[in-house]
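Student: I would like to see how this sequence folds:
(2 chains)
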There are 2 protein chains.
Amino acid sequence: MSDWATYLADNRQKILDDYFALLRIPSISALPQHADDVRRAARWVADRATRAGLENVRIMDTGGHPVVYGDRLHAPGKPTFLLYGHFDVQPVDPLDLWTSPPFEPTVRAAAQGAPGTGGEGRVYARGASDMKGNLLLQLAALEALRETTGGFPVNVKLFYEGQVEIGSPQVPAFLTKQRDLFACDLVISGDSGQYDEQTPELSLGARGLAALEIDMTGASSDLHSGLFGGAVQNPLHALVQLLGSMRGPNGRILVEGFYDDVRPLSDEERAMIARYPFDEAKFGAELGVDELFGEEGYSPIERMWARPTLELNGLWGGFQGQGSKTVLPNEAHAKITCRLVPNQDPDRIRALLRAHVERHRPPGVRVSLGDRTGGAKPYLIPADHWGNRAAAAVLKELYGREPLHVRSGGTVPVMDLFKTTLGVETVGFGFFQDDEHFHAPDEFMRLANFERGLRGYCMLFQHLGAASPASSGTGSR
Amino acid sequence: MSDWATYLADNRQKILDDYFALLRIPSISALPQHADDVRRAARWVADRATRAGLENVRIMDTGGHPVVYGDRLHAPGKPTFLLYGHFDVQPVDPLDLWTSPPFEPTVRAAAQGAPGTGGEGRVYARGASDMKGNLLLQLAALEALRETTGGFPVNVKLFYEGQVEIGSPQVPAFLTKQRDLFACDLVISGDSGQYDEQTPELSLGARGLAALEIDMTGASSDLHSGLFGGAVQNPLHALVQLLGSMRGPNGRILVEGFYDDVRPLSDEERAMIARYPFDEAKFGAELGVDELFGEEGYSPIERMWARPTLELNGLWGGFQGQGSKTVLPNEAHAKITCRLVPNQDPDRIRALLRAHVERHRPPGVRVSLGDRTGGAKPYLIPADHWGNRAAAAVLKELYGREPLHVRSGGTVPVMDLFKTTLGVETVGFGFFQDDEHFHAPDEFMRLANFERGLRGYCMLFQHLGAASPASSGTGSR
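Tutor: Alright, predicted model coming up:
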């Protein structure tokens, strides 16, 4: 057993206590009433980083939720790695669908008959999997290495942020301003996962994001649906009509120009995707759907990884209570997000959405559009990048199998930002699994993955210290 | 000045105090937590009826919200009139759009620039206009007549119910069982209005109602819209698609067979409707809409009175909070009501709606349908019915003008029920105006109309006592 492995085993409970302490902080970035909790999580992470051996640790103001910085640059001639993660989480509603309270981390076995492997030990909490666990892996592994080897095998900087779940609105300007501070050779992102408990994967990219909120108003107040129904436009119907014009019944997006910039999948990409083991029936059963659904001509995996979407995230208006209210409502609202693929641009997509709404605006209502959520470009890294080769070697040792090459359907806005601002690529190295209810009730992380991740990060840092190309010199200030 | 007029003037404040006391009871029939308030309103009405001189007053169980009965049958040879009203009210949300709390009646002038005449004195409260004010007119007028003439000029029974705003689910069975108790020659309904402060109207009918609730479910929990978007049906999109198939962009209803039983408007009916003074620009301005909207080939009034509708009363699913939540929701819900015209039948319409949903059910979701709200048939009474002639004579005296003949777009389910169960017609005699925000925030009634209504009911009872055809004998038990 290596020294760090012994250290991890000896300190298992302490590391778990830390994990739970971080999970107890309700750092929901989308809700203004939780802004202090996001800051509290930043302070907690900063303290933990200092304990791990990071220096120059500070909580940096972005104009919104803060960023935690830290570094340890005592490995001359070695590359500098920027460790990336986020300590904010998604909202928790609908709260009544949680088995245990979202901010009281609870270890329990999976419910009888629940899908997925690794049922024996799961940490249930908002952020358990996305991604407070993965963030803590990085710090705990660094600490284990420092405690057992006297230092870090590579130069390290931290970029831990608190606004991913609202699209990181202040991060681009912040990072641009602080580009010298964050200069590095490669970003290692913990916001990543593995295929299952037996099979590792290497994530090569993520989809981009563009958001639009549509607000419609009709009369100046709600109206009696009997006395006025038939003479006045109902904003709910108008919204249904508009939304119906944006997506066809088969999931194809009808917004004019939406697919113009989509680079067609190459044969090589389709072959890579086809190699990914995917059991459609099992996938559907795990999600609880009778059938999958989506754009014709593409496999489900292609649709999730490499095809753009337009999804209604929320839709509401009128009476939602029990019983009946015969009202002709005067407001209707929809929240939409699109996932984008190379080479779609979020600004152009938003412009197309706005133009579509303008062109298909139903009569009898006023429409206003909001797009407060920052967009994100899609991202792709070559599979044979040196960082990916290092990660692949570690994963092969850790799992005994070659990693699958995957892409994420989700969005990590900073990956493109790191590329355009710092000129570096991002390698994903994290240990969640896709079935762990991110953004949904009963989010959990498998304890076995958490513990394997601790070992994995120790091995990765050692591997990078031994095998990486020499530093470009951007790492030492 | 007649004796009753003097009595009304002398007791003005007492009558208003009663009105406000009734308005303070939050008798929302749709919300289970207000069931006791509905019962409290019933007790209040029963006490007030006893004070007015009614005998045999009782609160009768229906299996749901109760009915208040009372009678006074001391006018031999005179007809028996069943006075109809309801003491339940609509829910009050959105509460933040009320200027003053909905159950704290407040007299104030209309806001600067507010539409409508009679701005100087308005009672703002839920139920002010629909219809606690109109209900109280009947009792206060009877009291004035008894106090000043020693009795009632006609035989009277009361049928005051507490479940109109939820479609009166228990009333049909209740009335059928109690048909002998409620036997009468004519129903006089206070759930009616006048054109404006200068112009009376006679209401000849109301539209029917059929309700449907659609609940869609997709995956077994909310999903991350990035990781899963593209592969799984989004219930919000599926619901949008289904609802889009039910109503065309011009308001025409696309449910198969929906118009089959609609009796085309006769030339005479269209002429009657055309005589109704209607300023489309003014109407739109009062509602705060830039343009009216609806089915082609019909005037706005025809669309409100004599054409069926399908309206979304509520629509919801997914994230409704501030900011963004990139979720693929697993539930979507819609509440729909249709207004029906002769000879549509609510049971048949519901069957057509269900068949339509079955036929257009989108893939990838489970659909369940609810129609807990009882339906109602449309109703029409001949304009020259003897009851209408009596009401018209009183209205002409009260306003100095012939009443307009109108139809209501709303629904009064009991009118058809009285006809089929008791074999009698229903004459509308009430004093609300259409712009008084029924079912909406800032509901109000004009004080001037309330006071004219008190005089109007005294005059109507006296006129009916003097001029009505002899009783059919059904009135005395």
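Student: List the buried residues in stretch A:15-23.
Tutor: Applying a neighbour-count criterion of 16 or more other C-beta atoms under 10 Å in any protein chain shown, one finds A:15, A:16, A:18, A:19, A:20, A:22, A:23 buried in stretch A:15-23. For glycine as for every other residue, the C-beta is placed from the backbone atoms N, C-alpha and C.
Student: cool, stretch A:34-52 as well?
Tutor: Within stretch A:34-52, the residues that qualify as buried are A:34, A:37-42, A:44-46, A:48-49, A:52, counting by 16+ other C-beta under 10 Å.
Student: Which of these sits closest to chain B?
Tutor: residue A:34 (10.7 Å; C-beta to the nearest C-beta).
Student: For that closest one, list the residues it contacts.
Tutor: In this structure, residue A:34 makes contact with A:26, A:27, A:28, judged by C-beta atoms under 8 Å, 6 or more residues apart in numbering or on different chains.
Student: in what helix or strand does the first one lie?
Tutor: In this structure, residue A:26 sits in neither a helix nor a strand according to DSSP states H and E.
Student: was I right about residue A:26 contacting residue A:103?
Tutor: Yes. Assessed by C-beta atoms under 8 Å, residue A:26 is found in contact with residue A:103 at 4.7 Å.
Student: of the two, who's got more company?
Tutor: In this comparison of residue A:26 against residue A:103, neighbours counted by other C-beta atoms under 10 Å in any protein chain shown, the higher total goes to residue A:26 at 22 against 18.
Student: Next up, phi/psi of that one, please.
Tutor: Comment: the main-chain dihedrals of residue A:26 come out as phi -80, psi 70, following degrees, to the nearest 10.
Student: For the stretch 51-200 of chain A, just list every one of the strands.
Tutor: In the stretch 51-200 of chain A, the strands defined using DSSP state E, counting those that start in this stretch lie at A:55-60, A:67-72, A:80-86, A:106-108, A:122-124, A:155-161, A:186-189.
Student: Over stretch A:221-234, what's the mean pLDDT, rounded is fine.
Tutor: Predicted confidence along stretch A:221-234 averages 92 (mean pLDDT).
Student: Can you read off the pLDDT for the closest residue to chain B within the stretch 251-400 of chain A?
Tutor: Using C-beta to the nearest C-beta, the point where the stretch 251-400 of chain A gets nearest to chain B is residue A:288, with a distance of 2.8 Å. The score at residue A:288 is 95. That number is its pLDDT.
Student: Against residue A:437, how distant is it?
Tutor: Distance of residue A:288 to residue A:437, given as C-beta to C-beta, to the nearest Å: 12 Å.
Student: which residues do these two both contact?
Tutor: Once C-beta under 8 Å, 6+ apart is applied, the residues that residue A:288 and residue A:437 both contact turn out to be residue B:221.
Student: Look at these two and report which has more neighbours.
Tutor: For residue A:288 versus residue A:437, neighbours defined as other C-beta under 10 Å are more numerous around residue A:437 (23 against 16).
Student: Run through the helices of chain A in chain order.
Tutor: A:3-10, A:12-23, A:35-52, A:133-149, A:171-177, A:235-244, A:267-275, A:280-287, A:300-305, A:346-360, A:386-399, A:413-422, A:447-467 (DSSP state H).
Student: domains of chain A?
Tutor: For chain A, the domain assignment from automatic domain parsing gives the residue ranges A:3-207+A:378-467, A:208-262+A:308-370.
Student: For residue A:458, the count of nearby residues, please.
Tutor: Other residues lying near residue A:458 total 27 when counted by other C-beta under 10 Å.
Student: what's the answer for residue A:80, then?
Tutor: Neighbours around residue A:80, by other C-beta under 10 Å: 25.
Student: from what I can see it touches residue A:156, true?
Tutor: Yes. Between residue A:80 and residue A:156 there is a contact under C-beta under 8 Å: 7.2 Å.
Student: joint contacts of these two?
Tutor: Here residue A:80 and residue A:156 share the contacting residues residue A:73, scored by C-beta under 8 Å, 6+ apart.
Student: Of the buried residues of stretch A:15-23, which is the nearest to chain B?
Tutor: Closest approach between those and chain B, by C-beta to the nearest C-beta: residue A:23, at 18.4 Å.
Student: Show me the shaky parts of chain A.
Tutor: In the prediction, chain A carries residues with pLDDT under 70 at positions A:1, A:111-119, A:372-374, A:468-477.
Student: Next one: residue A:73 from residue A:79, what distance?
Tutor: Distance of residue A:73 to residue A:79, given as C-beta to C-beta: 11 Å.
Student: who's more crowded, the two?
Tutor: For the pair residue A:73 and residue A:79, the greater number of neighbours falls to residue A:79 (22 against 18), based on other C-beta under 10 Å.
Student: roughly how far apart are that one and residue B:341?
Tutor: Here the distance between residue A:79 and residue B:341 works out to 78 Å (C-beta to C-beta).
Student: what's the answer for residue A:61, then?
Tutor: If you measure residue A:61 against residue B:341 using C-beta to C-beta, the figure is 64 Å.
Student: residues near residue A:424, how many?
Tutor: 20.
Student: List the contacts of it.
Tutor: Under the criterion of C-beta under 8 Å, 6+ apart, the contact list for residue A:424 reads A:82, A:184, A:185, A:186, A:187, A:418.
Student: so which pair among those residues is furthest apart in space?
Tutor: A:185 and A:418 (11.4 Å; C-beta to C-beta).
Student: how many other residues sit next to residue A:56?
Tutor: Neighbouring residues of residue A:56 were enumerated by other C-beta under 10 Å; the total is 15.
Student: so the nearest residue to it once chain neighbours are set aside bridges to which residues?
Tutor: Leaving aside its chain neighbours, residue A:56 sits nearest to residue A:71 (5.3 Å; criterion: C-beta to C-beta, 6 or more residues apart in numbering or on different chains). The partner list for residue A:71 in beta bridges (DSSP bridges) reads residue A:55, residue A:157.
Student: Lovely, talk soon.
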